[in-house]
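J.: how does the following fold in three dimensions:
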Amino acid sequence: MTYEERENHISKLIATHLGIKGKTLSIQLRRAGRLLPRDLHRNAEVLVNAVAHQASPKLARLVDNQQVERSYNACQDYLTSIDFWDRRKGKTISLLSTAAFNLLTVGGLLAGFLIWRGYL
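T.: Presented below is the predicted three-dimensional model:
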């Protein structure tokens with residue numbers, strides 16, 4: 001598997017499991033921000049640098065194949081463990097629970113104000 005194929009595969013995994021679109025892996029990493037752990041960012045940057053270094057014969061000698069393989073495996077393992085629908089369900093539950101808490105708080109404050117003013 002070439003470095004470009006590995007980079008494209010990780011890019012597709014980020015798009016499907018995190019929902020982050022982008023033309024290249026480096027753009028997707030920039031857009032991902034805190035959705036990805038710091039060490040995963042570093043591993044993905046190793047892939048991006050390997051692809052960039054392959055364009056030049058002198059720089060291609062600087063690429064460590066074992067490090068690229070470890071980085072690729074780490075990225076693949078992490079991204080395949082993410083469940084897109086579970087993340088979406090968690091965000092929905094969080095949004096609904098926040099709205100319910102806010103509604104109860106405003107209702108309680110309104111009831112307290114009405115009791116304080118003597119309307120209830």
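J.: for Thr16, what are its contacts?
T.: For Thr16, the contact set (C-beta atoms under 8 Å, 6 or more residues apart in numbering) comprises Phe84. (Each C-beta comes from the backbone N, C-alpha and C, glycine too.)
J.: give me the pLDDT for it.
T.: Thr16 is assigned a pLDDT of 92 by the prediction.
J.: helix/strand/coil for it?
T.: Under DSSP: H, G, I helix; E, B strand; the rest coil, the three-state class of Thr16 is helix.
J.: check the gap between it and Leu79 for me.
T.: 8 Å (C-beta to C-beta, to the nearest Å).
J.: go on, Ala55?
T.: For Ala55, the distance to Leu79 - C-beta to C-beta - is 25 Å.
J.: those two: which has the busier surroundings?
T.: Taking other C-beta atoms under 10 Å, Ala55 and Leu79 do not tie; Leu79 has more neighbours (20 against 8).
J.: so that one sits against Ile10, correct?
T.: Yes - using C-beta atoms under 8 Å, Leu79 is in contact with Ile10, at 7.0 Å.
J.: what's the closest non-adjacent residue to the residue positioned nearest the centre of the chain?
T.: With distances taken as C-alpha atoms, centre = their mean, the residue of the chain nearest its centroid is Leu35 (3.1 Å). For Leu35, ignoring the flanking residues on the chain, the nearest one in space by C-beta to C-beta, 6 or more residues apart in numbering is Leu18 at 5.7 Å.
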